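**Student:** Build me a structure from this.
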Amino acid sequence: YRHLHSPRTKIRGYVQSFRYFENSEDLIKSCFQFKPEIRQTVSRFLIASVPKHRVTVGIHIRRGDFMTAKSQRRGLSVAKASFFHKAMDLMLNRYPNAFFIVASNDLKWAKQNLGSRAVMTPFTSAQHDLALLASCQHSIISTGSFSWWAGWLSNGTTIYYKNYPRNGSSLFAGAKLSDYYYKHWIPLSD
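**Tutor:** Prediction:
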């Protein structure tokens, strides 16, 4: 506890397993706070963009560096548009008044494939995008640590891309998926 509240404490590595802190989630979430100016900017966007009485669902789409041949060989898979549409339909089944907000490192692709069903982030920084996704009530996440943290911080229903890492890859061989994804998160494929 003392170390987490120290400004000198740095946590490094890929700690996107709930097992690292399953006994202290509340403490970790109380320590993991966005700067006030980031929270205020995100809050202004949500107030201006989300109609009243709608349930917010943050969607994170990871593409970019995961699209390279080297990343693909390693097992870094990328969700297709069909995954996001299926996940959105599932969320609408659960929350008929869902309002979808997308953050991505490939907004052009996101607009082309989901633009008619979702609002795109106006932000250009990872900090604002993560704060935006964490501010949503529920999550649809694709791949990578950014997606994982967005789902974990949002606290609601999380649907994740279950074909990550790609089955048969070296990354898959070294992964213990039962430690990576919460049991109550919902797996879905393309």
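**Student:** make it CA atoms for all contacts and neighbour counts henceforth
**Tutor:** Will do.
**Student:** Setting aside sequence neighbours, what's the nearest residue to residue 143?
**Tutor:** Counting by CA to CA, 6 or more residues apart in numbering, residue 143 lies nearest to residue 62, which is 5.9 Å off, once chain neighbours are set aside.
**Student:** how about the helices of the protein, start to end?
**Tutor:** In the chain, the segments counted as helices under DSSP state H are 25-31, 36-49, 69-74, 81-94, 107-114, 126-135, 145-154, 170-173, 177-180.
**Student:** Minimum distance to residue 190: which of those helices has it?
**Tutor:** Of all the helices of the chain, it is helix 81-94 that lies closest to residue 190, at 4.1 Å by CA to CA.
**Student:** Next, count neighbours for the residue nearest to residue 143.
**Tutor:** 24 (other CA atoms under 10 Å).
**Student:** Show the pLDDT at it.
**Tutor:** As predicted, residue 62 sits at a pLDDT of 96.
**Student:** Could you pull up the residues touching it?
**Tutor:** Residue 62 is in contact with 78, 104-106, 142-144, 147, counting by CA atoms under 8 Å, 6 or more residues apart in numbering.
**Student:** If any of those residues are buried, put those into a ChimeraX selection.
**Tutor:** The ChimeraX selection below is limited to those of these classed as buried (16 or more other CA atoms under 10 Å):
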select :78,104,105,142,143,144,147
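**Student:** Which one of the contacts of residue 62 is nearest to residue 94?
**Tutor:** For the contacts of residue 62, the nearest to residue 94 is residue 142 (19.4 Å; CA to CA).
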